[in-house]
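> Got a predicted structure here, sequence first:
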Amino acid sequence: MSEPTLRAFVALELAAALRERLARAAAELQLPGLRLVAADNIHLTLRFLGPSQARQLQLLEPALAASAAACPKLQARIAGAGMFPERGSPHVLWIGVHTQPDLLPLQGACERAARDAGFAPERKAFQPHLTLGRFRERPRERPMLPALELGDATLERLVVFQSELLPERARHTPLLTFPLTGAA
């Protein structure tokens, strides 16, 4: 009998007040066909894992705990809206996350931990962003975006989330949480 799988990812959690501000800013854009991400689902993904078995997540735990313990709380500036893909008809609306250099070693540690736990290597280059919405129908022309600037934030917790795709929206449930406690 095969082990059940769940859909999972590793992310930095945002404060609830910041998630609410991000959701309001996205709603104010009033872009036709954009389905907004629920405020409680906005996070900074460091490594999407996809289908995951419990034993793989157990293998991830010590490496992620050590990485979080070595990383100080991260100061970030939340600014600069954009869309993926960069050319052609957009599918995703995002806002940028600009941090000090400590983010890249943490993301690299998450990637190594994922590979060591049996996940395939990530093919896309890491680009720090927060997904605000997805276009249900891709617009033919790229909408003009204002220069979104939401200010500074402190990122304090690394979390492994389970992601369940429900008919009305995705539900993200924290499975493992690791505080960032390294010296700055």
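Noted; the coordinates are in hand. This structure is a prediction, so every number in the text was calculated from the model and none was measured. Numbering: from 1, shown residues only.

> buried set for stretch 84-104?
90, 92-97, 99, 102-103 (16 or more other Cβ atoms under 10 Å). (Each C-beta comes from the backbone N, C-alpha and C, glycine too.)

> Spatially central residue for the chain, please.
Nearest to the mean C-alpha position of the chain, by Cα atoms, centre = their mean, lies residue 45 at 2.3 Å.

> First-to-last residue distance for stretch 137-149?
Start-to-end span of stretch 137-149 (Cα to Cα, to the nearest Å) is 26 Å.

> Please state the offset of it from the chain centre?
Centre-to-centre, stretch 137-149 and its host chain are 20 Å apart (Cα atoms, centre = their mean, to the nearest Å).

> circling back to that earlier point, how about the contacts made by the residue nearest to the centre of the chain?
9-11, 131 (Cβ atoms under 8 Å, 6 or more residues apart in numbering).

> farthest pair in those?
10 and 131 (15.1 Å; Cβ to Cβ).

> Looking at the two now, which is surrounded by more residues?
Shown here are residue 10 and residue 131; by other Cβ atoms under 10 Å, residue 10 has more neighbours (26 against 19).

> where's the more buried one, which helix or strand?
strand 5-12 (DSSP states H and E).
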